[in-house]
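Trainee: Got a predicted structure here, sequence first:
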Amino acid sequence: MAIKQGSYTFVLPTRPAIVGSAAVVGSKEGQGPLGTEFDYVFDDVTLGEDSWEKAESALHREAVTRALAKAEKTPSQVDMIFSGDLLNQCVGTTFSIRELNIPFTGLYGACSTMALSLALAGLMTDGGIIDTAIAATSSHFCSAEKQFRQPLEYGGQKPPSAQWTATAAGAAIVEKGGKGVEIEAVHIGRIQDKGIKDANNMGAAMAPAACETIASFLEDMGDTPQDYDMILTGDLGKVGSTLLLELLELEKGIDISRVHSDCGNMIFDFETQDVNSGGSGCGCSGAVVCSYIINRLAQKKLNRVLFVGTGALMSPVTSLQGESVPSISHAVLLTSGGQ
Amino acid sequence: MDKIYTLEVKNVMQVTNNEYDKMSKKASPPSPKLKNCINAFLIGGLICTIGEALRVYYTSLGFTKDGVKAGVSVTLIVITAILTATGLFDKIARYAGAGTLVPITGFANSVVSPAMEFQSEGRILGTGANMFKIAGPVIVYGCSTAVLYGFIIWIFKLY
């Protein structure tokens, strides 16, 4: 049963394990620096479907199916799935899993969804309420552009602070008493809003949320940044990462620069891939964590990774109405296990 | 209306919204304005040169003055529609910026791109309803301005 530690953190004494995980991506992500880490790269980003929404669902389904296969589980052996995406009413997820017959909890955490789904799966399995859960998420560049920005073929320029929504999906199977990378603690974030109104600068909007979550987590656990091999935010991009380091130093006197990485800075190559401030979208951190990070933890090349998902909780309507961008950040402490 | 109660909030960040706005402006690199202007000048100029060449060509074919004007516009619109449909226009526009946006090419692209994008929602409520999503405001305010100016000219002509 999870134990609340400090103000906002829950330590999971049974250490639920990630017994299988998978990440699938589109061609651009496949050409990025982490291309060889992913389970599958789709060269055709339509995935053979006739709409972008269906393509995203197909991507999501592929990640879930592959994760189940790697964990050697069938859908009937799973007690609950925690998942969400960026599309209205989370249709990326619901159309993906409608045939699986697994109890479903829909989540909306914007780009923090992977951290939120892992946190809830960890809490529910550790609490003994369920034995096995799936944590998953997806995003698709084309469906996100269509919903949040302009049509795909519209000719326009983006400011350097804008981020590129990754076409990617990640899924992890979390099991109580299983063997694998362990979830040691989770932290459910609080909404922060420092008044950033530019929807093309989500990194700046989300950095305060990441700052609060990282500082509270370290305080609750009595840890310093050096206690971790990596503090991995997802996805602040270049602008947001710079601001996070500045804010943590200024507000809390904490320096995480030595251990900090960001999924949005890892998934694309800034030199050759023309992605402005870096990657974003639920699937960006979803795919990076469910492949590269979990693989490195399983190989014990990394031992303790604090994964800090960040999400910008605006909608196209609120942006047009001139509202600022409220942001959220959830954290999951992943350890290599067997200690 | 009076507030019923106030909430005590703990752990609010010290940095004010104004201070954070300054920090974020400093951290966000500005758009490369000079480079954008040069690219826009070159590609926008090229489009206008193509337009001028078409004008000379259509005139040499013996079209009337109005016929030449329409012919040049329609040719540029058709070329843009083809480039948009084949996925090339947005790649050019990324470098050209205002160079492709300001000439009639920008208008054509802003109609063709949503028409393509919303095909999956059907011909009527998809393509039909969304085709002028971006160009609509230009038409609305363009027409409104024309009416306003027409009205002013009419008043002056009365006296």
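Mentor: Yep, it's here.
Trainee: Would you mind measuring from B:Val12 to A:Leu247?
Mentor: From B:Val12 over to A:Leu247 the distance is 13 Å, taken as C-beta to C-beta, to the nearest Å. Where you see a C-beta, it was placed from the backbone N, CA and C, and this is true even at glycine.
Trainee: Comparing those two, which residue is more hemmed in?
Mentor: A:Leu247 (24 against 8; other C-beta atoms under 10 Å in any protein chain shown).
Trainee: The more buried one is in what secondary structure piece?
Mentor: helix A:237-247 (DSSP states H and E).
Trainee: starting at the chain centroid, how far to whichever helix or strand comes after that helix?
Mentor: As assigned by DSSP H and E, the chain's next helix or strand after helix A:237-247 is strand A:260-262. Here strand A:260-262 shows a centroid-to-chain-centroid distance of 13 Å under the convention C-alpha atoms, centre = their mean, to the nearest Å.
Trainee: do stretch A:266-282 as well
Mentor: That offset, for stretch A:266-282, works out to 15 Å (C-alpha atoms, centre = their mean).
Trainee: Can you report how many residues lie near the residue in the stretch 51-200 of chain A that chain B sits nearest to?
Mentor: In the stretch 51-200 of chain A, the residue that lies nearest chain B is A:Gly155 (2.5 Å; C-beta to the nearest C-beta). Residues near A:Gly155, counting by other C-beta under 10 Å, number 27.
Trainee: residues contacting it?
Mentor: Residues in contact with A:Gly155 (C-beta atoms under 8 Å, 6 or more residues apart in numbering or on different chains) are B:Thr84, B:Phe89, B:Asp90, B:Ile92, B:Ala93, B:Arg94, B:Ala96, B:Thr100, B:Leu101, B:Gly106, B:Asn109, B:Ser113.
Trainee: A:Lys73 now?
Mentor: A:Val19, A:Gly20, A:Thr132, A:Ile173.
Trainee: Surely it is in a strand?
Mentor: No - A:Lys73: not assigned to a strand; according to DSSP: H, G, I helix; E, B strand; the rest coil it is coil.
Trainee: need the residues of chain B near chain A, please.
Mentor: Contacts of chain B with chain A, taken as C-beta under 8 Å from any C-beta of the partner chain, map to B:11, B:13-15, B:17, B:20-21, B:23-24, B:27-32, B:36, B:84-85, B:87, B:89-90, B:92-94, B:96-97, B:100-101, B:106, B:109-110, B:112-114, B:116-118, B:120, B:134.
Trainee: how about 6 Å then?
Mentor: Within chain B, the residues that sit near chain A (C-beta under 6 Å from any C-beta of the partner chain) are B:13-14, B:17, B:20, B:24, B:27-29, B:31, B:84, B:89-90, B:93, B:97, B:100, B:109, B:113-114, B:116-117, B:120.
Trainee: Now the buried members of those.
Mentor: B:13, B:20, B:24, B:27-28, B:84, B:89-90, B:93, B:97, B:100, B:109, B:113-114, B:116-117 (16 or more other C-beta atoms under 10 Å in any protein chain shown).
Trainee: Nearest residue to the residue in chain B that chain A sits nearest to in space, please, no chain neighbours.
Mentor: Closest residue of chain B to chain A, C-beta to the nearest C-beta: B:Ala93 (2.5 Å). With sequence-adjacent residues excluded and distances taken as C-beta to C-beta, 6 or more residues apart in numbering or on different chains, B:Ala93 is closest to A:Gly155, at 2.5 Å.
Trainee: Tell me how far the one you found lies from A:Gly26.
Mentor: A:Gly155 is 21 Å from A:Gly26, by C-beta to C-beta.
Trainee: now swap in A:Glu37 and tell me
Mentor: For A:Glu37, the distance to A:Gly26 - C-beta to C-beta - is 14 Å.
Trainee: more crowded one of those two?
Mentor: A:Gly26 (26 against 20).
Trainee: What strand or helix carries B:Gly150?
Mentor: helix B:136-158.
Trainee: List the buried residues in that helix.
Mentor: The neighbour-count check on helix B:136-158 (16+ other C-beta under 10 Å) flags nothing as buried.
Trainee: Mean confidence (pLDDT) on it, please.
Mentor: Confidence for helix B:136-158, expressed as mean pLDDT, is 94.
Trainee: same check, this time on stretch B:25-36
Mentor: Per-residue scores along stretch B:25-36 average to 92.
Trainee: what's the span of it from first residue to last?
Mentor: 20 Å (C-alpha to C-alpha, to the nearest Å).
Trainee: A:Gly32: what's it in contact with?
Mentor: A:Ile267, A:Phe268, A:Asp269 (C-beta atoms under 6 Å, 6 or more residues apart in numbering or on different chains).
Trainee: Could you identify the buried members of the residues you listed?
Mentor: Among these, those buried by neighbour count (16+ other C-beta under 10 Å) are A:Ile267, A:Phe268.
Trainee: can you put the contacts of A:Gly32 in TSV and add secondary structure?
Mentor: What follows is the contacts of A:Gly32, written out as TSV (three-state DSSP):
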residue	secondary structure
A:Ile267	coil
A:Phe268	coil
A:Asp269	coil
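Trainee: and which of the contacts of A:Gly32 is nearest to chain B?
Mentor: A:Phe268 (15.9 Å).
Trainee: Can you pull the phi/psi pair for the closest one?
Mentor: phi -120, psi 160 (degrees, to the nearest 10).
Trainee: Buried ones in the helix holding A:Leu247, by neighbour count?
Mentor: Buried residues in helix A:237-247 (16+ other C-beta under 10 Å): A:Gly237, A:Lys238, A:Val239, A:Gly240, A:Ser241, A:Thr242, A:Leu243, A:Leu244, A:Leu245, A:Glu246, A:Leu247.
Trainee: List the buried residues in stretch A:74-87.
Mentor: Buried residues in stretch A:74-87, defined by neighbour count with 16+ other C-beta under 10 Å: A:Val78, A:Asp79, A:Met80, A:Ile81, A:Phe82, A:Ser83, A:Gly84, A:Asp85, A:Leu86, A:Leu87.
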